[in-house]
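A.B. asks: Provided below for reference: sequence and predicted model.
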Amino acid sequence: MKTLNWINGQWVPADSGATFAVANPASREELGRVPDCGAAEARRALDAAASAFPAWAALPAIERANILFNVYAQMLHRAKELATLLTKENGKPIKEALGEIQYAADFVRWSAEEARRVYGETVPAAAAGKRHLVLKQPMGVVAAITPWNFPSAMITRKVAPALAAGCTVVIKPAEQTPLSALALAELFEEARLPAGVLNVITGNPVPIAGEMLAHPKVRKIAFTGSTEVGKLLMRGAADGLKRVALELGGHAPFIVFADADLDKAAEGCVANKFRNAGQTCICANRVYVQQEAHDAFAKKLVEKAAALVVGDGLDERTQVGPMIDEQGLKKVIEHVEDARRRGAKVLCGGRVKDGRWFEPTVLANVPPESRILREETFGPVAPVVAFRTEDEVLRLANDTPYGLAAYFYTKDASRLFRVAEALEDGIVGANDPSPGVPQAPFGGMKESGMGREGGKWGVEEYVEIKHVSIGL
Ligand code: NAP
C-alpha cells in the first residue's frame, strides 16, 4: 500500500514530515497515514506537470493510449486488491467496490480508444486563396480535486481523458480516501508514465487549491464535490480565467407513474437509492409516486428496503455499508428527525445502528417544506410523496436549484419523451436506475455544475480549439 505522495515521478513525504490518518469507517481502525502537504508541495507538483507537458503533448496519441491501455489491464488484474482497499477506506460493500473499479477502468479504456480520435476540421473558406483549419490541442496543466464517495472513478473520469488529450495533471483526492488515489498512481508508474505527467498530492485542500488557482500554467480546474466548494473554486478561477469543469451536488427526483411496472420501479428505486448507503450524487433524494399507485409501490419499496443487509462492506453479504463519518451521519439523522417533526411517517428503518450505520429508511406523508425534500441528504433514506398529474410532478421535480439526475418509470412511450425532455437535469434515467456509462456524458445543469465527463465529451473538455487561417 502506497502512503507517500507521487510528485514528479518520485514517492515523497510532506516537506514538514507531517501526516494525517486514514481510517476505516466501519471499524474505525487506522489504515495508514499519508502526507499532510500544503502550498509548497502543490507548487512543486504543478511545476512538474508544467515541465512534463510539452513532451507529453507532443507524443503520438497512440503512445499515450498504450500507457492507458496498460493501466486498464492492470486495474482489472488487480481489481480485488483495489476494491478491498476502496471498501476499507470508503466503507461501500465489496461488490459495489468491484463495480466501481470496473467502472473506473472503463473510463481509462474509453479514453485510450478516444485518444486517436481527437479530430480537427477544415472549414470551407469564403474567399478564394484562403483555407481555414480548426485544430484541437491539449489545454495544458489540469488541476483536479475529487471526493470520497467514488474514490477511484472520480479520478479516472478526469485523469484518463486529460492524459489521452495530451494534458498533464495534478490531483488532490479527498482526505477520507487518498489510498485509492495513490494505488492508481502506482499503476501509472508501473505503466511507465513519464515523470510529472500525473502527480498526486494529499493534504489541506485550502492552500493546495490556492496554488492550483494561482499557478499561471494551470489551464483547467476539474472538480467533483459539493456545490458550495464548486462555487468557491469558480470564483477563485476567475482571476486567472482558468477553465472550470464542475461535477457538483444533486437532488434527484425518482418518479413512478401509475402506468409503470411497479415491481421494476421498486427494484430500481432500491438499487438507485441505497447504493453506497445513499452517498451518491445521482441517487434519488425524493420519490414521487402517482396517487393510484402510491400504497402498492410504498409496500413493495418497504419490503425490499427492510430486507437489505446492513454491515461491514468487507463482508460479501453486506448491501449497505456505514456512513463515511460522524458529520454525514448527523445530517441524515437531522433530515429524518425534521421530516418526522413535520408529520412524516417512518415506514421502515429510521434509526442509527452501532453508531456508524443508518438503517435503510422509507418515509411517507413527507410535507413539502421538509429539509429532505430540499437539501441533499447523502444517506439511505427514501421519502415517498404522492402526486396527481404529470404537470404537477414535473413542477415538483424541477423546483430545485440542482439539476444533476432524474429518474422516472412509465410504460407510455409518448410520456417517456415528454417527461425526459421536460426534466431540467443533465442525466435522465427512463425506466433505468443506473444510467452512468463511460461512453455517455455525465454532468449537471443549474447548480449541479458545468462541463461533462465521459464519452467523447469528456475528452473534448481537455482540448483548446485553435483556428489557423492560411493564405495561399
Ligand atoms: P466536498 O466537501 O466539496 O469535498 C470534495 C473535495 O473538495 C475534497 O477533495 C475536499 O478536500 C475538497 N475541498 C474541501 N474544501 C475545499 C476548499 N475550500 N477548496 C478546495 N477544495 C476543497 O464534497 P464531499 O462532501 O467530499 O463530497 C460529496 C459531494 O460531492 C456531494 O455534494 C456530491 O453530490 C458531490 N458529488 C458530485 C458528483 C458529480 O459527478 N456531480 C460525483 C460525486 C460526488 P478534503 O477531503 O481534504 O476536505
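C.D. replies: Done, it's in.
A.B. asks: what is the neighbour count of the residue in the stretch 151-300 of the chain positioned nearest to the ligand?
C.D. replies: Relative to the ligand, the nearest point of the stretch 151-300 of the chain is G225 (2.7 Å; Cβ to the nearest ligand atom). In short, each C-beta sits where N, CA and C put it, glycine included. When counting by other Cβ atoms under 10 Å, one arrives at 22 neighbours for G225.
A.B. asks: that one is in contact with G250, isn't it?
C.D. replies: No: using Cβ atoms under 8 Å as the test, G225 is too far from G250 to be in contact (11.9 Å).
A.B. asks: need the contact list for E121.
C.D. replies: Contacts for E121 (Cβ atoms under 8 Å, 6 or more residues apart in numbering) come out as L133, V134.
A.B. asks: could you pull out the strands for the stretch 251-400 of the chain?
C.D. replies: If DSSP state E, counting those that start in this stretch is used as the criterion, the strands of the stretch 251-400 of the chain fall at 252-256, 284-290, 345-348, 352-353, 357-358, 361-364, 381-387.
A.B. asks: which of the ones you listed is buried the deepest?
C.D. replies: Of all the strands of the stretch 251-400 of the chain, strand 252-256 carries the top mean neighbour count, a mean of 28, counting by mean count of other Cβ atoms under 10 Å.
A.B. asks: could you check the pLDDT of the spatially most central residue of the chain?
C.D. replies: In the chain, the centroid-proximal residue (Cα atoms, centre = their mean) is M154; its distance is 4.8 Å. On pLDDT, M154 comes in at 98.
A.B. asks: element containing it, please.
C.D. replies: helix 153-165 (DSSP states H and E).
A.B. asks: what helices or strands is that helix leaning on?
C.D. replies: helix 61-77, helix 94-114, strand 141-145, strand 168-172, helix 178-190, strand 218-224, helix 455-460 (3 or more Cβ pairs under 8 Å, 6 or more residues apart in numbering; DSSP states H and E).
A.B. asks: now these in TSV, with mean neighbour count and mean pLDDT?
C.D. replies: Output for the helices and strands packed on helix 153-165, formatted as TSV (neighbours: other Cβ atoms under 10 Å; pLDDT from 0 to 100):
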stretch	mean neighbour count	mean pLDDT
helix 61-77	18	98
helix 94-114	23	98
strand 141-145	28	99
strand 168-172	27	99
helix 178-190	22	98
strand 218-224	25	98
helix 455-460	20	96
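A.B. asks: show me this protein divided up by domain.
C.D. replies: Per the record, the chain has its domains at 5-248+448-471, 252-436, by automatic domain parsing.
A.B. asks: number of nearby residues for D15?
C.D. replies: So D15, with other Cβ under 10 Å, has 12 neighbours.
A.B. asks: on that earlier part again, a markdown table for the strands of the stretch 251-400 of the chain, including distance to the ligand and mean pLDDT?
C.D. replies: Formatted as a markdown table, these follow (distance: least, Cβ to the nearest ligand atom, whole Å; pLDDT from 0 to 100):
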| stretch | distance to the ligand | mean pLDDT |
| --- | --- | --- |
| strand 252-256 | 10 | 98 |
| strand 284-290 | 10 | 98 |
| strand 345-348 | 25 | 98 |
| strand 352-353 | 20 | 97 |
| strand 357-358 | 16 | 98 |
| strand 361-364 | 19 | 98 |
| strand 381-387 | 15 | 98 |
